[in-house]
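Chemist: when you get a sec, could you give me coordinates for this:
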Amino acid sequence: MKRTPVIIGIVGLIVVVAVTFPLWRPLFVNQTVDEAFPFENMSEDERTAFNAMPADQRTMLLDMNEENPEMAAANVRAMAEPDTEAADDMPEAVAAGPVILSQGTFNEIDVIHRGEGSATIYQLPEGGAVLRLEDFQVTNGPQLHVLLVRNPDPRTRADVGEDYIDLGQLKGNVGNQNYDIPADVDLEGYNSVVIYCMPFHVVFSVATQETVAASVDAEEVPVVNEAPAADEAAADAQSAAPVDLEEAAAIVEEEAAAPVNAAPVSLGSGTFQGAGRGYDGSGSFQFTSRDDGSLTLELGDDFTVTRGPELFVYLGQTSNPAEPSTFNDTGVNLGALRNNSGSQTYNIPADVNVDDYDHVIIYCAPFTVVFSYGEIER
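Modeler: Next up, the predicted model:
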């Protein structure tokens, strides 16, 4: 009879061990994982370079790998390469007597596609022109070319279009460099210098060109002579002439009837919020009616959104703005997002009725992901 408690204890221990087995089993059993590296045919040096990249760049490349593995792998390889530095001197013809036609500064598209430095187009004395990049730097990429593009701020392949001037392959992703522009190129219609990945049709950086007004020598400025004394006397006589009261009354009535330029009128406003899954957004927006009848969407100074590739601003009529399928076909694309933060204005097409839409949406086109949205309050 004394063995009964012992037997009961042993049975209880066996039951406890059996029930808790899934909890303590991992302490004694290895779980082997051997996932393939996410990018194809990477060398050990390229893998090391990828792992050393900032977290936001690695995340974007991994997202890109889901959509286009070939493009992601090509970008990883290019970014793993050491910088290629160019060091072109200023062309002698330009240095002797520089005439600037236009200039701009390179921008950042997202955490991977970004550049800095200036892009200046100089007129050459013998005809033609030269583009000079100075203090220049851009993220390494596969087969980058320098383009002159008509769109002042292209972000997508469609924005670049087909009517561009290819000045050749980028000489280096760092340093000062010159690119000849043929004499038969009419620069009037080209509004930006673009660093462009040819095989994958991706914009790496844009320098919107601002026309520089030609300087005028002081000797060439005509001197405006003072009014002759006779003219002054006539002016004095006119000021002393008697006033026609009927004519004055008519002028007052005419001015009273003239339309007064009205101040801009707000047609709705709202506040951005993040769409979740790591995509964040905040800040204000409002729709404004101008006195010329035009409508604009204005993002406030406090606007900010997570950086991403090819972000666009949409108007949507949807009860679920975080789901692209609810507005993709019926929404209005107002154009590429110009910057991920700060004040910016987008024109509303004349045939669009803002009252038909209830959300403003920041949308990533290549990955069909909503980054941020805000409900329109009226």
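Chemist: listing partners with orientation, what would you give for the helix or strand harbouring Leu334?
Modeler: Following DSSP states H and E, one finds Leu334 within strand 332-336. Sheet pairing of strand 332-336 (DSSP bridges) gives strand 311-316 (antiparallel).
Chemist: average pLDDT for the strand it pairs with?
Modeler: Averaged across strand 311-316, pLDDT comes to 92.
Chemist: what are the buried residues along that strand?
Modeler: 311-316 (16 or more other CB atoms under 10 Å). For the C-beta atoms, the positions are set from N, CA and C on the backbone; glycine is no exception.
Chemist: check stretch 332-340 too.
Modeler: Those would be 332, 334, 336-340, for stretch 332-340 by 16+ other CB under 10 Å.
Chemist: just for the protein, where's the confidence low?
Modeler: 1-3, 6, 11, 16-42, 93-98, 213-266 (pLDDT under 70).
Chemist: can you give me the helices in it?
Modeler: 3-24, 44-51, 55-67, 69-80, 92-96, 157-160, 229-239, 245-257 (DSSP state H).
Chemist: before we move on, the earlier item: name the nearest of the buried residues of stretch 332-340 relative to Leu170.
Modeler: Ala336 (22.3 Å; CB to CB).
Chemist: all strands for the stretch 101-250 of the chain, in order.
Modeler: Secondary structure of the stretch 101-250 of the chain (DSSP state E, counting those that start in this stretch): strands located at 115-123, 129-138, 144-149, 165-169, 174-181, 192-197, 202-208, 210-211.
Chemist: so what strands line up beside the fourth one?
Modeler: Read that as strand 165-169. Counting by DSSP bridges, strand 165-169 is paired with strand 144-149 (antiparallel).
Chemist: not counting residues beside it along the chain, what's closest to Gln57?
Modeler: Distances taken as CB to CB, 6 or more residues apart in numbering place Val111 nearest to Gln57, at 5.3 Å, with adjacent residues excluded.
Chemist: cool, Thr211 as well?
Modeler: Ser102 (5.1 Å).
Chemist: check the gap between Ile165 and Ser205 for me.
Modeler: Computed as CB to CB, to the nearest Å, the Ile165 to Ser205 distance reads 17 Å.
Chemist: residues in contact with the closest residue to Cys197 other than its chain neighbours?
Modeler: Nearest residue to Cys197, sequence neighbours excluded (CB to CB, 6+ apart): Gly141, at 4.9 Å. Counting by CB atoms under 8 Å, 6 or more residues apart in numbering, Gly141 touches 74-75, 78-79, 113, 173, 197, 202, 204.
Chemist: go with 7 Å
Modeler: 75, 78, 197, 204 (CB atoms under 7 Å, 6 or more residues apart in numbering).
Chemist: count the residues that sit near the second one.
Modeler: Summarising burial for Ala78: neighbours were counted as other CB atoms under 10 Å, giving 17.
Chemist: what sits against it?
Modeler: Ala78 neighbours (CB under 7 Å, 6+ apart): 140-142.
Chemist: ok, the third one next?
Modeler: With contacts taken as CB under 7 Å, 6+ apart, Cys197 has the following neighbours: 141-144, 204.
Chemist: export the residues you listed as CSV, with columns for distance to Leu62.
Modeler: Conversion of the contacts of Cys197 to CSV gives the following (distance: CB to CB, whole Å):
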residue, distance to Leu62
Gly141, 17
Pro142, 18
Gln143, 22
Leu144, 22
Phe204, 19
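Chemist: now for the residue nearest to Gln57, how many residues are close by?
Modeler: 21.
Chemist: wait, which of the strands of the stretch 101-250 of the chain is closest to Glu323?
Modeler: strand 202-208 (26.2 Å).
Chemist: just list whatever residues bridge to the residue nearest to Gln103 when sequence neighbours are not counted.
Modeler: Spatially, and ignoring its direct neighbours in sequence, Gln103 is nearest to Thr120 (4.2 Å; CB to CB, 6+ apart). When bridges are called by DSSP bridges, Thr120 pairs up with Gln103, Arg132.
Chemist: state the distance from the residue nearest the centre of the chain to Ser192.
Modeler: Most central in the chain under CA atoms, centre = their mean is Arg338, positioned 3.8 Å from the mean C-alpha point. In this view, Arg338 and Ser192 are 13 Å apart by CB to CB.
Chemist: any shared contact partners between these two?
Modeler: Listed as contacting both Arg338 and Ser192 by CB under 7 Å, 6+ apart are Asp153.
Chemist: ok, the residue nearest to Thr211 - contacts?
Modeler: 121, 209-212.
Chemist: my guess is Asn140 contacts Ala80, does it?
Modeler: No. Assessed by CB atoms under 7 Å, Asn140 is found out of contact with Ala80, at 8.1 Å.
Chemist: about what we covered before: who touches the residue nearest to Gln57 in this structure?
Modeler: Per CB under 7 Å, 6+ apart, neighbours of Val111: 56-57, 60, 307.
Chemist: ok, Ala49 next?
Modeler: Counting by CB under 7 Å, 6+ apart, Ala49 touches Ala80.
Chemist: run the last query once more with 8 Å
Modeler: Counting by CB under 8 Å, 6+ apart, Ala49 has contacts 76, 79-80.
Chemist: of those, which is the most crowded?
Modeler: Most surrounded of the contacts of Ala49: other CB under 10 Å gives Val76, at 23 neighbours.
Chemist: surely it is in contact with Leu61?
Modeler: Yes. Taking CB atoms under 8 Å as the definition, Val76 is a contact partner of Leu61 at 6.0 Å.
Chemist: tell me the buried residues in stretch 292-311?
Modeler: So, applying 16+ other CB under 10 Å, buried residues of stretch 292-311: 295-300, 303-311.
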